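*Asks:* how would this look folded up:
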Amino acid sequence: MNIWKPTSILVKILVCTALLLPVVLQFQAGAIPVQANVSQTTKRADTAPEDLRQYTAEVIQQLALSEPLTSWKNADYVIEPLGPGTRSWLVTVKTEKNAPPGYIIISSTENNEYKLVEYGSGPDSLYVRSNLDSALKASGISKQGITNENVVPLYGGPVLAEWKVKPSVANSIQFLDALTGELLPESKESWDKQAAKYHAPELAVGSNQRGLSPEGTIYTSKVFDPYDNILWMTEKSLKFKKESFEAILNASKKLVFVSSGAERTYNIPLPIHGYQKWTEDSSLNSNEAIYVLTGSESSSRWISLHALIDCGYFVAYKE
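*Replies:* Predicted coordinates:
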């Protein structure tokens, strides 16, 4: 497996080489926000199916009922497809001027049910188009010939979110991380192999489960950096059933999710410091869905637990 080591964490990796079993990639967020190209996004949104629009509006209003997403109440939004073949859409939530930007990712199942895969808020969120300019410059990719038509957002699950860039003056396609803008050791062939394995998570909140609504977010710890203490790299993966995850996280306070897979060209650790449950309004039903909380000090990201289980494993983080 080709492992890419960004310069920003090279010192940390060298210090703890003896402890590294699988080398894991840390991304650093923090690009400078700029205004997105709304006209192109709106044009793409015109093609969104009406039932997707309706479901998206319902999800936004549900999430706006409690902190920290109350700024989403009555917010406008735009929808655009996330690359070919994955049956996924990016919803950009257009909040008030002083509120952080927001996003939602929805995928559809083979039975054409829409699934809420993840959502988040903050300047370091996924697919912030304003990151792209500085990312291209930092990656040494010429901006000549770069237009919205040859920059495509791709999604193959929560740990496989990328930009595909095809400069008209170059022959090779480049892939950038959709969160940080970092240049990735990816190719069209490696992307296609990984994306082909992605399926919408069956246990995520869906358009056929109108009775589920979000409870308040439970914070089990403060935001943390998994590289502050790398002993988690030697921990065994946690074995649990969906029903026991909540108890495990409440007891551990901090977990690290590690992406894995035979086809992966790079790995990502996600620090987990909380969760949000979606539950039935009726006490007669016990259906629920769990979204784990990750992110940075400035940006939060809630991801379907079932979506993560399909592409990696959890380990305990010890102080």
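
*Asks:* show me what residue 292 is bridged to.
*Replies:* Beta bridges link residue 292 to residue 275, residue 303 when assigned by DSSP bridges.

*Asks:* pull the contacting residues for it.
*Replies:* Residue 292 sits next to 249, 257, 272, 274, 275, 302, 303, 305, 308 when contact means C-beta atoms under 8 Å, 6 or more residues apart in numbering. Using the backbone N, CA and C atoms, a C-beta is placed for each residue, glycine as well.

*Asks:* what's opposite residue 312 in the beta bridge?
*Replies:* Residues in beta-bridge contact with residue 312 (DSSP bridges): residue 259.

*Asks:* wait, it sits on residue 260?
*Replies:* Yes. Applying C-beta atoms under 8 Å, one finds residue 312 in contact with residue 260, separated by 4.8 Å.

*Asks:* more neighbours: those two, which one.
*Replies:* residue 312 (22 against 15; other C-beta atoms under 10 Å).

*Asks:* and the pLDDT at the more buried one?
*Replies:* Here the pLDDT value assigned to residue 312 is 93.

*Asks:* look up how far residue 209 lies from it.
*Replies:* Separation of residue 312 from residue 209 (C-beta to C-beta, to the nearest Å) stands at 25 Å.

*Asks:* ok, how many other residues are close to residue 55?
*Replies:* 22.

*Asks:* what ranges do the strands span in the stretch 1-150 of the chain?
*Replies:* With DSSP state E, counting those that start in this stretch as the criterion, the stretch 1-150 of the chain has strands at 76-81, 88-94, 102-108, 114-121.

*Asks:* buried set for the second one?
*Replies:* What it means is strand 88-94. If you call a residue buried by 16 or more other C-beta atoms under 10 Å, then strand 88-94 has these buried ones: 88, 89, 90, 91, 92, 93.

*Asks:* in terms of secondary structure, what does it contact?
*Replies:* Applying 3 or more C-beta pairs under 8 Å, 6 or more residues apart in numbering; DSSP states H and E, we find strand 88-94 packed against helix 50-63, strand 76-81, strand 102-108, strand 151-155.

*Asks:* which stretch among these comes nearest residue 70?
*Replies:* Set against residue 70 and scored by C-beta to C-beta, the helices and strands packed on strand 88-94 come closest in helix 50-63, at 9.0 Å.
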